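> Sequence and computational prediction follow.
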Amino acid sequence: MRGLCHVLLRIYYVTLGLTLLYGDKLVTTYLTQGVSGLLKVLTGLELLEFIVFAAVFIDIARAPDCDVVCSGTVLGYIAHIPVKPFLRTHRGWYHSVWVAIYVSVVVSAVITVLAMGVNIISNHLGFGSVLPLVKLAITAFSASFLSYLFHLVEDSLTLRGIRWFGVRTRGPLRTGSSDIVVVSAIVLTSALATWVAYYFTGSLSQGAVLGFLVLVLVFASMLEIRR
């Protein structure tokens, strides 16, 4: 699956997740308090952790493809430098859960070091430590691992597929041709299901649950498992 498809899906996942967790609260606040109330809610949603999660989640979307060309991912590029001499084939060992863990540890370390640097400067200026290191490290690891894992799932939908612990999974998508059309159709179908559910239930969170289930069912229906 081409990199654009992975990025498109990441953006949709983040949107769907935000809708699931905070959709009802945001709608209710907007209807009762208007834009000013909505802004207050948004600034109170642990905004820093959300920004870090979304940024890492989207950046790592293309990281597994560093076994071919490392473009469109800053953190993925950093993680692949130490292992670059050992990369031989596309969708080999670099497309695995074990590498997802490795990359996530590296990403977590990079974010922690950057946050430590900000805290050192902040302490020097007399403001004290302003960034929560442990929270940011956990957030970065989680975002990276999930994004890498989703990339593997999405590549499982292509004709070439990938191997999961010795078992090959593949699907009908042709990388570079039908993948962008099918991915766009899947996103639109899930989004439509979300809004239809919201129309009948009045709950965005319930709508997001249905949208998520539609994604899972469509992905599962496209998979073919071979030993």
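Nice, thanks for sending it over.
> Show me the strands in this structure, by range?
162-164, 167-170, 224-226 (DSSP state E).
> Could you point out which of those sits nearest Gly128?
When the strands of the chain are compared by CB to CB, strand 162-164 sits nearest Gly128, at 46.3 Å. All C-beta spots, glycine's among them, are computed from the backbone N, C-alpha and C.
> For that closest one, list every residue counted as buried.
Neighbour-count burial for strand 162-164 flags 162-163 (criterion: 16 or more other CB atoms under 10 Å).
> Could you tell me which strands sit next to it in the sheet, and their orientation?
Within its sheet, strand 162-164 is paired with strand 167-170 (antiparallel), according to DSSP bridges.
> how about low-confidence regions in the protein?
30-31, 34-46, 90, 130, 225-227 (pLDDT under 70).
> Need the single longest helix in it, by residues.
helix 3-43 (DSSP state H).
> Output the contacting helices and strands for that one.
Judged by 3 or more CB pairs under 8 Å, 6 or more residues apart in numbering; DSSP states H and E, helix 3-43 is in contact with helix 47-59, helix 133-155, helix 178-201, helix 204-222.
> Against which helices or strands is the last one packed?
Right, the one you point to is helix 204-222. With contacts taken as 3+ CB pairs under 8 Å, 6+ apart, helix 204-222 sits against helix 3-43, helix 178-201.
> Reformat those into a markdown table and put distance to Pro82 next to each item.
Converted to a markdown table, the helices and strands packed on helix 204-222 look like this (distance: least, CB to CB, whole Å):
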| stretch | distance to Pro82 |
| --- | --- |
| helix 3-43 | 22 |
| helix 178-201 | 30 |
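> now those in CSV, with mean neighbour count and distance to Arg168?
Putting those into CSV (neighbours: other CB atoms under 10 Å; distance: least, CB to CB, whole Å) gives the following:
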stretch, mean neighbour count, distance to Arg168
helix 3-43, 16, 20
helix 178-201, 16, 18
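> if we compare those, which one ends up closest to Pro85?
helix 3-43 (23.0 Å).
> The residue nearest to Leu21 when sequence neighbours are not counted: what's it in contact with?
Nearest-residue entry for Leu21: Ser205, 7.6 Å, with adjacent residues in sequence omitted and distances by CB to CB, 6 or more residues apart in numbering. By CB atoms under 8 Å, 6 or more residues apart in numbering, the contact list for Ser205 reads 19-21, 23-24.
> try 7 Å this time
By CB atoms under 7 Å, 6 or more residues apart in numbering, the residues touching Ser205 are 20, 23-24.
> Just the closest of these to Leu4, please.
Leu20 (24.6 Å).
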